[in-house]
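Asker: Take this sequence and fold it.
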Amino acid sequence: MTDLSSTAYDPRDGIAFVEGKYMPVAEATVPILDRGFVRSDATYDVAHVWKGQFFRLDDHIERFFASMRGLRMSLPYSHQEIADILIECVRRSGLRDSYVQMTCTRGLPPAGTRDPRQCKQRFYAFATPFVWIANDEQRENGMQMITSSVQRIPPTSVDPRLKNFHWLDLTMGIFEAYDRDAIVAVLHDGQGNITEGAGFNVFTVKNGVLATPESGVFEGMTRRTVIELCEQLQLRCEVRSVSTGELAQADEIFLTSTAGGIMPITTLDGKPIASGKPGLITKRIHDLYWQRQEEGWLATPVPYEDV
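Answerer: Prediction:
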């Protein structure tokens, strides 16, 4: 692996890996004919680094390989080789808190054919400063959410468990949220149940019992972590269908995402949830989530001293 050099750049703006080379993220490009660009024919996964340590790096890479298998993609890299590339992107950036993405695109088709079987898959990775879905004030005091009129793409059409770039339904939900003076939107499944929003899963709390949708959603890593933390806290967490009516009657609502962790919702469709303040269970899970990471739970340290 070789390096491309830039005359002047701050590595803390981000480091990318493209075609065997590390480079400033601003210099990273994707060929305009790559099916990942022209057809959204790609899969990806996102891990995060917090205080110098990856959280659940191996789990993220395993899920990335599962998505590739589901989409009939493959790469000439092993699990460990991808881990080493991601760690190296962060190490070279010097970032202690980082958003780290790995992407596999279908690649470029040979001239004169549209046959995806003839494409050679391409791998891209980058590390940039940590991304927050919600700002400091929103994470502290809660966000406004709407139940969108937009239906999520059905899982019989595109399996949401395979992470992908099919975001137009989610993007339309974002615009609807802004139009209705909210920050985020959760989409429905066309049968009266909620699914997910743009980059996040949803949890409800009612009478001390948590629930999160079981279908029509990407099974997020933070979602998985919350389910595990509920066991540690001896809280009951149900993975099942959650109706829009049940959402509206919840005592607490919170979102989960690699880009932000645990984020409280205090207003739904213009109405306050319970007291209109983040709930006690949400706070307990939020605090334990970050505490366990700082303790080194499921952590992979970045060897910055080798820079």
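Asker: Point out where this structure drops to low pLDDT.
Answerer: Of all residues in the chain, those with pLDDT under 70 make up the ranges 1-7, 306-307.
Asker: Now do Leu255: how many residues are near it, please.
Answerer: The number of residues packed near Leu255 is 27, by other C-beta atoms under 10 Å. For the C-beta atoms, the positions are set from N, CA and C on the backbone; glycine is no exception.
Asker: quick one: it from Val38, how far?
Answerer: Look at Leu255 and Val38: by C-beta to C-beta, to the nearest Å, they are 32 Å apart.
Asker: Next one: Pro76 relative to Arg92, how far apart?
Answerer: For Pro76, the distance to Arg92 under the criterion C-beta to C-beta works out to 22 Å.
Asker: Looking at those two, which is more packed in?
Answerer: Set Pro76 next to Arg92 and count neighbours by other C-beta under 10 Å: Arg92 wins out with 21 against 8.
Asker: got the contact list for the nearest residue to Pro155 once chain neighbours are set aside?
Answerer: If the residues on either side of it in the chain are set aside, Pro155 comes closest to Gly216, at 5.4 Å by C-beta to C-beta, 6 or more residues apart in numbering. Shown here is Gly216, whose contacts under the criterion C-beta atoms under 8 Å, 6 or more residues apart in numbering are Arg152, Pro154, Pro155, Pro160, Asp189, Asn193, Thr195, Glu196.
Asker: For PyMOL, write the select line for the buried members of these.
Answerer: For selection in PyMOL, the members of the contacts of Gly216 meeting the burial criterion (16 or more other C-beta atoms under 10 Å) are listed in this command:
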select buried, resi 152+160+189+193+195+196
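Asker: Confirm the residue nearest to Pro155 sits in a strand?
Answerer: No - counting by DSSP: H, G, I helix; E, B strand; the rest coil, one finds Gly216 to be coil, located in no strand.
Asker: end-to-end on stretch 243-259?
Answerer: According to C-alpha to C-alpha, to the nearest Å, stretch 243-259 extends 25 Å from its N-terminal end residue to its C-terminal end residue.
Asker: Use 35 as the first number for this chain going forward.
Answerer: In the new numbering, first residue 35, that becomes stretch 277-293.
Asker: Centre of the chain to it, how far?
Answerer: 17 Å (C-alpha atoms, centre = their mean, to the nearest Å).
Asker: Check stretch 135-147 too.
Answerer: Its chain's C-alpha centre and that of stretch 135-147 lie 22 Å apart, by C-alpha atoms, centre = their mean.
Asker: Let's verify Thr259: helix, strand, or coil?
Answerer: In three-state terms, and counting by three-state DSSP, Thr259 is helix.
Asker: how near is it to Cys271?
Answerer: As it turns out, when the distance is counted by C-beta to C-beta, Thr259 lies 11 Å from Cys271.
Asker: The two - which one has more neighbours?
Answerer: Comparing Thr259 with Cys271 by neighbour count (other C-beta under 10 Å), the higher total belongs to Thr259, at 24 against 18.
Asker: okay, now the nearest residue to that one once chain neighbours are set aside: neighbour count?
Answerer: The spatial neighbour of Thr259 that comes closest, neighbours along the chain excluded (C-beta to C-beta, 6+ apart), is Tyr323 at 6.6 Å. Other residues lying near Tyr323 total 18 when counted by other C-beta under 10 Å.
Asker: Doesn't Tyr323 lie inside a helix?
Answerer: Yes - according to three-state DSSP, the state of Tyr323 is that of a helix.
Asker: Contacts only, for it.
Answerer: Tyr323 makes contact with Thr256, Thr259, Val260, Leu263, Gly295, Ile296, according to C-beta under 8 Å, 6+ apart.
Asker: from those residues, which two are the most distant?
Answerer: Between any two of the contacts of Tyr323, the greatest separation by C-beta to C-beta is 11.2 Å, found for Leu263 and Gly295.
Asker: Quickly name whichever of the contacts of Gly250 is closest to Asp92.
Answerer: Minimum distance to Asp92 across these is 22.2 Å, recorded for Pro194 (C-beta to C-beta).
Asker: which non-adjacent residue is nearest that closest one?
Answerer: Nearest in space to Pro194, with sequence neighbours left out and distances taken as C-beta to C-beta, 6+ apart, is Phe252 at 4.8 Å.
Asker: hang on, the earlier thing: turn the contacts of Gly250 into a markdown table, columns for secondary structure and distance to Val52.
Answerer: Conversion of the contacts of Gly250 to a markdown table gives the following (DSSP: H, G, I helix; E, B strand; the rest coil; distance: C-beta to C-beta, whole Å):
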| residue | secondary structure | distance to Val52 |
| --- | --- | --- |
| Arg186 | coil | 32 |
| Pro188 | coil | 34 |
| Pro189 | coil | 32 |
| Pro194 | coil | 27 |
| Asp223 | coil | 37 |
| Asn227 | strand | 40 |
| Thr229 | coil | 33 |
| Glu230 | coil | 30 |
